[in-house]
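> coords please:
(one chain, ligands or ions: 1)
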Amino acid sequence: MELPFAESWKIKMVEPLRKSTREEREQWIKEADYNLFQLKSDQVYIDCLTDSGTGAMSDRQWAAMMMGDESYAGSASFFQLKETITKITGFEYVIPTHQGRAAENVLFSHLVKAGAIVPGNSHFDTTKGHIESRKAFAVDCTVDEAKDTQLEVPFKGNVDPKKLEAVLAEKAELVPFIIVTVTNNTAGGQPVSMQNLREVRAIADKYGKRVIFDSARFVENAYFIRTREEGYADKTIKEICAEMFSYADGMTMSSKKDGLVNMGGFIATRHEDWYEGAKKFCIPFEGFLTYGGMNGRDMAALAVGLDENTELETIETRIRQVQYLAAKLDEYGIPYQRPVGGHAIFVDADKVLDQIPKEEFPAQTLAIELYIEAGVRGCEIGYILADRDPVTRENRFGGLDLLRLCIARRVYTNNHMDVIAAALKNVYDRRHEITRGVKIVWETELMRHFTVKLERL
Ligand code: F0G
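The predicted model follows:
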């Protein structure tokens, strides 16, 4: 008999979870104005809000923390981190920052001027925010396949080379760099193929442009290349990462994802001029160059986390758990962005609650129902998150309306996955009884989803 797949770790420390009753949850979510960001964490049983900074560190990472060097300048932990990053990416210049958006802020302060155009594949919210706040434009060049959640193609996160080339052919002089997000979070944690990274590199070279990888989930991307792209099955994850980064000029990183730590980020590049330019913004925004917003101990833990996560056993355990949950949803016929990506399930709420009009926010309604059903907290990646059009002030209903269920790294067991799946099935089975959604009673102009107040209709 073939042995089943099991986790590449065992558990040394546990954290109790609090279960609650349906009545309690109904009360709490009402007090939170039907906004899941406003819940207290102890009102949540299984938290799938995000995979960012929510993972569990290993014993080796905790041991490294005790060895952290808190020197203001020249910290040994910084050099440990820098060495690890250079080994994995080939990038020689490293600037630590307190998280991913801070890396964007520091590097883009040097690179993005008013009127610039930054093409990419579904720029993450903060990436887009740091471009648009500088009066520049983020142009989405993601492949069209990403919009059809039921289409089964292996690399739905790809950049469409034709769209990218069209931007460059017309406005190359306005493009400071191309940004490729690996994996593509907004499109559903979907990977980008090595072939596509090569194509982007070739187009960039043709127009004399540089390429940045938004690398928050680069290891998950490497795993998908290994398992889905021809010629990579026998390569190590570290070899695949090295090839991926060989097609880039630099990276911004949110270490809270594939760095396996709870806080942190960095910029890395092969170009001295980018490093010199970014340095000037790191010091006033983040701190001196050998800590940039991080504790010495946190840099030490990150160095170990990056090394550990780029080993096949670690990343395989992570992805296989997400795939385990997806297989349950397949069994129950629940529609999500297919094939499942690296860090989360993105349930297609428009298809589940198809009788709820867009104006009543189906994905948010589904998130509320799932929370009331079982205390599982997901996150709407849909019409509320899309904000209003800055000019017309109309809601933007053009994209997908998804319920994202993120899986924290090394935190929950497959029994928890079974609970999530069963809870979702119970909601799915009574979907025809859910005929009304929610309405907005208070909102801010930008990033309204964090603080929006809602009423149930
Ligand atoms: N890039 C990507 C692709 C991200 O997913 C995130 C964060 C960032 C950049 C910014 O990094 O949070 O460290 O400042 N994503 C989180 C999420 C918040 O829930 O998907 P950060």
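> How many residues are close by Val441?
By the criterion of other CB atoms under 10 Å, Val441 has 11 neighbours. Where you see a C-beta, it was placed from the backbone N, CA and C, and this is true even at glycine.
> how close does it get to the ligand?
Separation of Val441 from the ligand (CB to the nearest ligand atom, to the nearest Å) stands at 25 Å.
> For the closest residue to Gly342 other than its chain neighbours, give me the backbone phi and psi.
Sequence neighbours aside, Glu220 is the residue nearest to Gly342 in space, at 3.2 Å (criterion: CB to CB, 6 or more residues apart in numbering). Backbone geometry at Glu220, expressed as degrees, to the nearest 10, gives phi -60, psi -40.
> Which positions in the stretch 251-400 of the chain make contact with the ligand?
Residues of the stretch 251-400 of the chain found near the ligand (CB under 6 Å from any ligand atom) are 254, 256, 265.
> Need the pLDDT of the residue nearest to Gly342.
With respect to pLDDT, Glu220 has a value of 98.
> one step back: let me have the residues of the stretch 251-400 of the chain next to the ligand in JSON lines, extended by pLDDT.
Below are these laid out as JSON lines (pLDDT from 0 to 100):
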{"residue": "Ser254", "pLDDT": "98"}
{"residue": "Lys256", "pLDDT": "98"}
{"residue": "Gly265", "pLDDT": "98"}
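> top of those residues by neighbour count?
Counting by other CB under 10 Å, top hit in these: Gly265 with 31 neighbours.
> Which strand residues bridge that one?
Thr97, Ser254 (DSSP bridges).
> Would you confirm that it contacts Leu107?
No - with contacts counted by CB atoms under 8 Å, Gly265 stays clear of Leu107, the gap being 10.7 Å.
> what sits in contact with each of the two?
Thr252 (CB atoms under 8 Å, 6 or more residues apart in numbering).
> residue boundaries of the strands in the stretch 201-350 of the chain?
Taking DSSP state E, counting those that start in this stretch, the strands of the stretch 201-350 of the chain run over residues 211-214, 250-254, 265-269, 344-348.
> count of residues packed around the residue in the stretch 51-200 of the chain that the ligand sits nearest to?
Ranked by CB to the nearest ligand atom, the top residue of the stretch 51-200 of the chain for proximity to the ligand is Gly100, at 2.5 Å. Other residues near Gly100 come to 26 when the count uses other CB under 10 Å.
> dump the residue contacts of it.
Taking CB under 8 Å, 6+ apart, one finds 126, 214, 216, 252-256, 265 in contact with Gly100.
> Now it. Nearest residue, chain neighbours left out?
Nearest non-adjacent residue to Gly100 (CB to CB, 6+ apart): Ser254, at 2.6 Å.
> give me every residue that touches that neighbour.
When contacts are counted by CB under 8 Å, 6+ apart, Ser254 touches 52, 99-101, 103, 216, 265.
> Swap in 6 Å and give it another go.
Neighbour list for Ser254: 99-100, 216, 265 [criterion: CB atoms under 6 Å, 6 or more residues apart in numbering].
> what's the pLDDT at His432?
97.
> again with the one 3 residues further on
Thr435 is assigned 95 on the pLDDT scale.
> you'd agree it is in a strand?
No - Thr435: not assigned to a strand; according to DSSP: H, G, I helix; E, B strand; the rest coil it is coil.
> Count the neighbours of it for me.
The local packing of Thr435 (other CB under 10 Å) involves 11 other residues.
> Grab the nearest non-local neighbour of it.
With CB to CB, 6+ apart as the criterion, Thr435 has its nearest non-adjacent residue at 5.8 Å, and that residue is Gln355.
> what's the neighbour count on that neighbour?
Neighbour tally, Gln355, other CB under 10 Å: 12.
> Let me know the secondary structure of it.
Going by three-state DSSP: Gln355 is coil.
> repeat for Val411
Taken by three-state DSSP, the conformation at Val411 corresponds to coil.
> my guess is it meets Gly53, correct?
No - assessed by CB atoms under 6 Å, Val411 is found out of contact with Gly53, at 11.4 Å.
> What's the per-residue pLDDT of the residue nearest to Thr435 here?
So, for Gln355, pLDDT stands at 95.
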